[in-house]
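*Asks:* below is the sequence, then the predicted model.
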Amino acid sequence: VKMLDKVKKVVACELDHRMVAELQKRVQGTHYESKLQIVVGDVIKTELPFFDVCVANVPYQISSPLVFKLLLHRPFFRCAILMFQREFAQRLVAQPGDKLYCRLS
């Protein structure tokens, strides 16, 4: 919700209906309500709208699919700030020859 102070609009993708309800409750009746669009569903299966910045705390199970989806997203976005589980992040930045090196690296 703090992000809503700094931006024109936030599009939140959320699968968990409890989290959606909590987010709606936090903005209901405030000036933030008009700045928040919630897309309920699996972000991997959802067609993403235009965005220029992506901020996400990514569950381990969808880390790879989300990275590939973002790399293919058009038009290109300006910036992505993604928080991954340590093991996935280590694979992402692995160097050739490293045992963790993979196609994502």
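*Replies:* Cool, the structure landed.
*Asks:* what ranges does this structure have for its strands?
*Replies:* Applying DSSP state E to the chain gives strands spanning 10-14, 36-40, 53-57, 79-83.
*Asks:* next, format these as TSV and append mean pLDDT.
*Replies:* Below are the strands of the chain laid out as TSV (pLDDT from 0 to 100):
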stretch	mean pLDDT
strand 10-14	96
strand 36-40	96
strand 53-57	96
strand 79-83	97
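*Asks:* closest one to Cys102 among these?
*Replies:* Among the strands of the chain, the nearest to Cys102 by C-beta to C-beta is strand 79-83 (17.0 Å). Heads up, the C-betas are built off the backbone N, CA and C, glycines and all.
*Asks:* please name every helix or strand in contact with the closest one.
*Replies:* strand 53-57, helix 63-72 (3 or more C-beta pairs under 8 Å, 6 or more residues apart in numbering; DSSP states H and E).
*Asks:* make it 10 Å
*Replies:* The contact analysis (3 or more C-beta pairs under 10 Å, 6 or more residues apart in numbering; DSSP states H and E) places strand 79-83 against strand 53-57, helix 63-72, helix 86-92.
*Asks:* format the strands of the chain as a markdown table; extra columns: distance to Ala89 and mean neighbour count.
*Replies:* A markdown table is the format used below for these (distance: least, C-beta to C-beta, whole Å; neighbours: other C-beta atoms under 10 Å):
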| stretch | distance to Ala89 | mean neighbour count |
| --- | --- | --- |
| strand 10-14 | 21 | 16 |
| strand 36-40 | 25 | 15 |
| strand 53-57 | 12 | 14 |
| strand 79-83 | 9 | 12 |
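*Asks:* returning to that earlier point: among the helices and strands packed on strand 79-83, which is nearest Asp5?
*Replies:* strand 53-57 (13.8 Å).
*Asks:* any chance you could list what contacts that closest one?
*Replies:* 3, 7, 10-13, 43, 48, 62-63, 66, 70, 73, 77-85 (C-beta atoms under 10 Å, 6 or more residues apart in numbering).
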